[in-house]
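# predicted model, plus sequence, below.
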Protein chains: 2
Amino acid sequence: MFSGAQISIYPMTDDFVGIIMSALGALDPYRDRLRIETDDVSTLLVGPAEVLFPAMRDLFTAAAKTGVHCVLSAAISRGCPGEPDDPICNSKVFEGPLAPLPERQATALAAVHSAPTTGVFSVAQLSLYVLGQDRHMDEIYGCIEFLKQSGCFEKSKHFATKLNGDTGTLFATLEQAFCRFGPPDGHVTIDLTVSANSPSAR
Amino acid sequence: MFSGAQISIYPMTDDFVGIIMSALGALDPYRDRLRIETDDVSTLLVGPAEVLFPAMRDLFTAAAKTGVHCVLSAAISRGCPGEPDDPICNSKVFEGPLAPLPERQATALAAVHSAPTTGVFSVAQLSLYVLGQDRHMDEIYGCIEFLKQSGCFEKSKHFATKLNGDTGTLFATLEQAFCRFGPPDGHVTIDLTVSANSPSAR
């Protein structure tokens, strides 16, 4: 199953190029497990969810640690029928049949509770899309219920759910939202925004 | 049918607050036809597609005209079964049954060709999601075919299609992608990035 993301980092400073270039070093430990391609709009990361989310976490944390208002925006996708299969995406997360929702929610919560923290506070906003099936809202509601119990739920918004907390906990929560809802071989996407150091009141 | 977007503007400069505050004036002509709510991550615009896309166009154009590298990121949605109906969203665009794909593609192309231009060049990257039906890729492929003929197609990327051109033409193209593909009363979303003045090579 093909999986990956188109991601961008937006540091709100005159030195945005310097901050991006320096944060990219945080991807080095993941480079042999990801395919990475960059153009003027976004950087493509192709790889399994268990590599993708920690890589995005470390990249964003490096940028946010500068204290500058930074945003990471990502279009994350798995199982798109239009994408070719790629061995680099092989993952054990999606093996086996679809477990009942409560079981998947419990697995997701356990993973969030054991996730490493970073000491950097962020807010995140996500929209989960489960495609190619008639009862797509059941899985989306199941995911929102998990998010509400995750410990980093802030509020429901039109079209999105807002979270806040330690950046490590947040990305673990996002990874579980992406992996545990929708069929294992289904087409699932997340439209994600992560923000740190905003001068605006929450 | 409920429709709208969660949008954010990211000016890559120390004076990002000044540029955002000044660009917001571009929304004034639309304020009586949109519901607008802002927090620290995004601004909600609730309203019909024919108001939403021109409003986003004028907001982004105002920010891009400063010459600063600016990005608009948006999660755009219509027909989400979880959202309440709102009279402010009433639109004539979605009346009548679903016409055959070639007819909708022709209508979309005609709208793009008659769209006003702004004199400001941008690039855009979009992912269209058609939810709640089994054959969702047919509509997505139909949309990509329209985008390839739109005059602003740049390239297909994993998970997204990239466009470039006059900002007026781009937003007209995005509006048609959003309105003409997927059933009139269906759940359709776009994950959108629009960028201007990037120092990176295309």
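Cool, got the structure. Numbering: from 1, shown residues only, chains lettered A, B, ... in the order given.
# quick one: least confident helix or strand in chain A?
helix A:136-149 (a mean of 94; mean pLDDT, DSSP states H and E).
# for the helix or strand just after that one, packing partners?
Downstream of helix A:136-149, the first helix or strand assigned by DSSP states H and E is strand A:153-157. Judged by 3 or more C-beta pairs under 8 Å, 6 or more residues apart in numbering or on different chains; DSSP states H and E, strand A:153-157 is in contact with strand A:160-166. In this view, the C-beta of every residue, glycine as well, is placed from N, C-alpha and C.
# any residues touching the strand it packs on, and which ones?
A:117-127, A:144, A:147, A:150-156, A:170, A:173, A:191, A:202, B:6, B:39, B:41-42, B:75 (C-beta atoms under 8 Å, 6 or more residues apart in numbering or on different chains).
# give the contact list for the residue nearest the centre of chain A.
Nearest residue to the geometric centre of chain A (C-alpha atoms, centre = their mean): A:Leu174, 4.6 Å. Contacts for A:Leu174 (C-beta under 8 Å, 6+ apart) come out as A:53, A:124, A:126, A:190, A:192.
# which of those residues fall in strands?
A:124, A:126, A:190, A:192 (DSSP state E).
# out of those, the closest to A:Gly67 would be?
Distance ranking of the ones in strands among the contacts of A:Leu174 against A:Gly67, using C-beta to C-beta, places A:Ala124 first at 18.7 Å.
# any idea how far the closest one is from B:Ser114?
40 Å (C-beta to C-beta, to the nearest Å).
# in terms of neighbours, single out the busier of these two.
Ranked by neighbour count (other C-beta atoms under 10 Å in any protein chain shown), A:Ala124 and B:Ser114 place A:Ala124 first, with 26 against 8.
# any idea what the more buried one is bridged to?
A:Leu163, A:Val194 (DSSP bridges).
# and the one 4 residues further on, by the same measure?
On DSSP bridges, the residues paired with A:Leu128 through beta bridges are A:Ile190.
# show the contacting residues for it.
A:139-140, A:143, A:177-178, A:181-182, A:188-190.
# does chain B sit close to the biggest helix by length in chain A?
Taking DSSP state H as the criterion, chain A has its longest helix at helix A:49-64. No: figure legend: helix A:49-64 not in contact with chain B (C-beta under 8 Å from any C-beta of the partner chain); closest approach 12.3 Å.
# other SSEs contacting that helix?
Partner elements for helix A:49-64 (3+ C-beta pairs under 8 Å, 6+ apart): strand A:3-11, helix A:16-23, strand A:43-46, strand A:70-78, helix A:167-180, strand A:187-196.
# the last one to helix B:136-149, inter-axis angle?
By that I understand strand A:187-196. Counting by axes from the mean of the first three to the mean of the last three C-alpha atoms, to 10 degrees, strand A:187-196 points 60 degrees away from the direction of helix B:136-149.
# just the CA coordinates of strand A:187-196, formatted as CSV?
What follows is strand A:187-196, C-alpha atoms only, in CSV (Å, rounded to 0.1, in the frame of the first residue of the first chain):
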residue,chain,number,x,y,z
HIS,A,187,-8.0,5.1,1.1
VAL,A,188,-7.6,7.4,4.0
THR,A,189,-6.3,11.0,4.1
ILE,A,190,-5.6,13.7,6.6
ASP,A,191,-5.5,17.4,6.0
LEU,A,192,-3.2,18.6,8.8
THR,A,193,-2.0,21.9,10.2
VAL,A,194,0.4,22.1,13.2
SER,A,195,1.3,25.4,14.7
ALA,A,196,3.7,26.7,17.4
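# show me what the closest residue to A:Leu192 other than its chain neighbours bridges to in the sheet.
Spatial nearest neighbour of A:Leu192, chain neighbours left out: A:Ala74 (4.4 Å); criterion: C-beta to C-beta, 6 or more residues apart in numbering or on different chains. On the basis of DSSP bridges, A:Ala74 is bridged to A:Ile7, A:Leu192.
# how about A:Glu103, secondary structure?
helix (DSSP: H, G, I helix; E, B strand; the rest coil).
# counting neighbours, what do you get for it?
11.
# same check on A:Leu44?
Residues near A:Leu44, counting by other C-beta under 10 Å: 19.
# that one contacts A:Ser8, correct?
No: using C-beta atoms under 8 Å, A:Leu44 makes no contact with A:Ser8, being 10.8 Å away.
# picking up where we left off before, take the ones in strands among the contacts of A:Leu174 and write them to a markdown table, including distance to B:Arg31.
Below are those laid out as a markdown table (distance: C-beta to C-beta, whole Å):
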| residue | distance to B:Arg31 |
| --- | --- |
| A:Ala124 | 29 |
| A:Leu126 | 28 |
| A:Ile190 | 31 |
| A:Leu192 | 29 |
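# identify the farthest-apart pair in the residues you listed.
Using C-beta to C-beta, those span at most 10.2 Å, a distance reached by A:Ala124 and A:Ile190.
# ok, of the ones in strands among the contacts of A:Leu174, which one's closest to A:Arg104?
Closest to A:Arg104, out of all of the ones in strands among the contacts of A:Leu174 and judged by C-beta to C-beta, is A:Ile190, at 16.1 Å.
# the closest one contacts A:Ile76, correct?
Yes: using C-beta under 8 Å, A:Ile190 is in contact with A:Ile76, at 4.4 Å.
# so which of the two has more stuff around it?
Neighbour count, other C-beta under 10 Å: between A:Ile190 and A:Ile76, A:Ile76 has more, with 27 against 20.
# would you check that that one makes contact with A:Ala5?
Yes: look at A:Ile76 against A:Ala5 with C-beta under 8 Å: they come within range, at 4.2 Å.
# which residues do the two both contact?
Shared contacts of A:Ile76 and A:Ala5, defined by C-beta under 8 Å, 6+ apart, are found at A:Leu52.
# average pLDDT for the longest helix of chain A, rounded please.
Averaged over helix A:49-64, pLDDT sits at 98.
# got the angle for that helix vs helix A:167-180?
Using the same axes, to 10 degrees: helix A:49-64 against helix A:167-180 is 150 degrees.
# which phi and psi does A:Gly119 have?
With angles defined as degrees, to the nearest 10, A:Gly119 sits at phi 80, psi 0.
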